[in-house]
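>>> Provide a 3D model corresponding to the input given below.
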Amino acid sequence: MAWELATPTVDGLGEVVAALREWQGEETPHQLHPGDIGWYWRFGAEQTAAAVRTWRRDGEIVALGLLDEADLVRIAFDPVALHDAELAEQMAADVADPARGVLVEGQVYVEAPPGAVVKDLLVKAGWQLDDPWVPLRRDLSEPVPAPALRVDVIGAEEAHERVTVQRESFDGSTFTNARWFAMADGIPYADARCLVGRNELGESVAAVTVWSAGEGKPGYLEPMGVHRMHRGRGYGEAITVAAARALQEMGASSAYTCTPAFNVGAVATYEAAGFVRGADLRDARRPA
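Residues are numbered from 1 along each chain as shown. As a prediction, this is how the structure comes out:
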């Protein structure tokens, strides 16, 4: 069977996002979400298209990857292709060979959903399992209470506040006003919201962006942060509850996120906000 590996054009990103939306479901394993593409879109449509790889069969996308970095590809599957042995063999060959245009030489990483055969093949070929990540999920079938924090939905006029909290939450953040507007112009942002939490003085203390994949599908938090000057006051828990409530209003069946296992503070914050920890996830890593 012929498999076609390609990089989409900007015009092809709509098909990519539509495929990711279609593949989301409560019965499918944790994998790349339209919000991952949406957050990457802060770099612009052209760079986003250049970071995507698609695998097609008979013209239909059956799997796709997002190059978060030159050495990391995050792969999602059409659920019916998750266990396809022939596709897995082709993908394993594609990610292992720099000439195929997916990953560079040296130490590289492949993130694939639980049960993906391609990860098993890579491990058999000598790749190793990397440090664990923790998936966290909150079911949205029951009402989500109002957060213990004033929360505003951010538009263009307040975008600088969302940007400031992001930059003050993460060391080395490169988020800018221009990148917020680029993200907001992206296709996935039509089903997203940026939320900013404010303290009693009206100061921006926490922020999160939430991404819907459509009615009845899992929603995604990416990213969430608390301003470094306002930590230790429960604002992380409050903005996370606000995120779950917003996704429920948008029709999501659940809210989920993922964080490195070593970030015990983040895991504790999500659990305090009603999220349940799932089984650890590990990337496949090819040593240098």
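>>> for the longest helix belonging to the chain, packing partners?
As far as residue count goes, and with DSSP state H defining each element, the longest helix of the chain is helix 235-249. Contact here means 3 or more Cβ pairs under 8 Å, 6 or more residues apart in numbering; DSSP states H and E; on that basis helix 235-249 packs against strand 150-153, strand 192-198, strand 204-211, strand 218-226, strand 254-260, helix 264-272. All C-beta atoms are positioned from the backbone trio N, CA, C, and that covers glycine.
>>> avg pLDDT for the helix or strand following the last one?
Downstream of helix 264-272, the next assigned helix or strand under DSSP states H and E is strand 276-277. Predicted confidence along strand 276-277 averages 98 (mean pLDDT).
>>> likewise stretch 112-127?
For stretch 112-127, the per-residue pLDDT averages 96.
>>> try stretch 143-163
The average pLDDT for stretch 143-163 rounds to 97.
>>> Also stretch 74-94?
Regarding stretch 74-94, the rounded mean pLDDT is 96.
>>> Sort out which residues of it are buried, please.
For stretch 74-94, a neighbour-count test (16 or more other Cβ atoms under 10 Å) marks 74-79, 81-82, 84, 87-88, 90-94 as buried.
>>> what's the closest of the helices and strands packed on helix 235-249 to Arg100?
Arg100 lies closest to strand 254-260 among the helices and strands packed on helix 235-249, at 27.0 Å (Cβ to Cβ).
>>> Confirm for me that Gly115 is in contact with His83.
Yes - using Cβ atoms under 8 Å, Gly115 is in contact with His83, at 6.8 Å.
>>> all helices for the stretch 51-200 of the chain, in order.
Along the stretch 51-200 of the chain, the stretches classed as helices by DSSP state H, counting those that start in this stretch are 85-96, 117-124, 159-169, 177-184.
>>> For those helices, could you give me a markdown table that also reports distance to Tyr270?
Formatted as a markdown table, the entries for these read as follows, by distance: least, Cβ to Cβ, whole Å:
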| stretch | distance to Tyr270 |
| --- | --- |
| helix 85-96 | 30 |
| helix 117-124 | 25 |
| helix 159-169 | 15 |
| helix 177-184 | 23 |
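>>> which stretch among these comes nearest Pro29?
In terms of Cβ to Cβ, the element of the helices of the stretch 51-200 of the chain nearest to Pro29 is helix 117-124, at 11.3 Å.
>>> by how many degrees do that closest one and helix 85-96 diverge?
Going by axes from the mean of the first three to the mean of the last three Cα atoms, to 10 degrees, helix 117-124 is angled at 60 degrees with respect to helix 85-96.
>>> Thanks again, I'm all set now.
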